[in-house]
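Q: structure for the following, please:
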Amino acid sequence: YYPYWHPTVWKDVAVLTTEPERCEWYKSESQNVKVKNECSDPEHNNERACTTAGAEWLEVPPHKIDAPVCTHAPWLRDNHLGNGQGGRQTMFNWTI
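A: From the prediction side, this is the model:
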């Protein structure tokens, strides 16, 4: 599920969505630009459970890179990851 609730080492490059009206939300929730949190005890995944158990709710800083590009996703067949129109693979050209 995206955007991830907890910290991750992954850097977000792009979000391809069938709901482009949500792009600003996707971009603002990316850890590229937003602080994420985690529990010092990995058994707990939310602040209430973490602190109730006596663990510490930790803040993990953003990656401090640009928010991901967000654009409309190309048409895909259901349950055929990457299989677009005409049976061709879909792609995202990322210019570095």
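Q: how about the helices of the protein, start to end?
A: Listed in chain order, the helices found in the chain under DSSP state H are 23-29, 47-52.
Q: I'd like the average pLDDT over the longest one.
A: Helix 23-29 shows an average pLDDT of 97 in the prediction.
Q: identify the residues contacting it?
A: If you take Cβ atoms under 8 Å, 6 or more residues apart in numbering as the criterion, helix 23-29 is touched by 2-3, 15, 17, 33-34, 67-68, 70-71. Using the backbone N, CA and C atoms, a C-beta is placed for each residue, glycine as well.
Q: if we can go back for a sec, what's the most buried one of the helices of the chain?
A: Highest mean neighbour count among those (mean count of other Cβ atoms under 10 Å): helix 23-29, with a mean of 16.
Q: send me stretch 24-33 as PDB with only the CA atoms.
A: These are the backbone C-alpha positions of stretch 24-33, laid out as PDB (Å, rounded to 0.1, in the frame of the first residue of the first chain):
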ATOM      1  CA  GLU A  24      -0.800  16.300  -4.400                       C
ATOM      2  CA  TRP A  25      -1.700  13.900  -1.500                       C
ATOM      3  CA  TYR A  26       0.700  11.200  -2.800                       C
ATOM      4  CA  LYS A  27       3.500  13.700  -3.200                       C
ATOM      5  CA  SER A  28       3.000  15.200   0.200                       C
ATOM      6  CA  GLU A  29       2.900  11.800   2.000                       C
ATOM      7  CA  SER A  30       6.100  10.500   0.400                       C
ATOM      8  CA  GLN A  31       9.000  10.000   2.800                       C
ATOM      9  CA  ASN A  32      11.100  12.000   0.300                       C
ATOM     10  CA  VAL A  33       9.500  15.000   1.900                       C
END
